[in-house]
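generate coordinates for the sequence data below:
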Amino acid sequence: MAMRTAAVATGAARRGGAVSEQEPMATPPAIRLASSAAAHAAALAPAAFVASPARIPLTTIERRFWLLHRLCVAPVANIGRALTLRGPVNVDAWVRAFAAVAAAPSLRRRIDEDDDGPFGHLGSPAALAVAAAAAAAAAVVAVVSAPYDLARDAPFRGRLLRLAADEWRLVPGAHHTALDGWPA
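Here you go, the predicted model:
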């Protein structure tokens, strides 16, 4: 506690204020940080929106997966998983959560090519498809194994399948270009 008190007292002294010995323990650090950030928010410049360029250079990993995709039509670079959910499911919350994740630039990135070679560009995010699943196994295979058109399809997709009143299957799928490497 002595080190914590000394740290808070040093910070208060730098700000020109005083601190009691009980103050460091009275307010949790996260609350102090949030209130300090809120107090200084007006002095911060607003974040500027930077539009994505129409043509984004590919990373080395993206270029490798693009080449693999060109050489092999089979979905060898697909990643997928089927997760069983039991109990009540808030479908709207799952759809919103999926939309928030799918909005990430790396999950909206398409890879196209022209005379200058392959390049990346951003497209619309994928939406979570919700359906009753009469043939759940086939629906899972469709998400996990269906090939991606790297120029047109979002490299991230998913389906929420209702198997029974209280049983669901969440099936996220992605192409390796969205999940490997570091986007440019």
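
tell me the SS of G120?
strand (DSSP: H, G, I helix; E, B strand; the rest coil).

isn't it up against P53?
No: the criterion here is Cβ atoms under 8 Å, and G120 misses it with P53 at 9.3 Å. To be clear about C-beta, it is placed using only N, CA and C from the backbone, and glycine gets the same treatment.

and those two? Which one has more around it.
G120 (26 against 12; other Cβ atoms under 10 Å).

for the more buried one, which non-adjacent residue is spatially closest?
Distance criterion Cβ to Cβ, 6 or more residues apart in numbering; nearest residue to G120, sequence neighbours excluded, is I56 at 3.7 Å.

what's the neighbour count on that neighbour?
So I56, with other Cβ under 10 Å, has 18 neighbours.

for N90, the count of nearby residues, please.
N90, neighbours per other Cβ under 10 Å, totals 9.

show me the chain divided up by domain.
2-43, 60-179 (automatic domain parsing).

can you give me the end-to-end distance of the last one?
So that's domain 60-179. One end of domain 60-179 to the other measures 13 Å (Cα to Cα, to the nearest Å).

let me see the mean pLDDT of that domain.
Per-residue pLDDT over domain 60-179 has a mean of 90.
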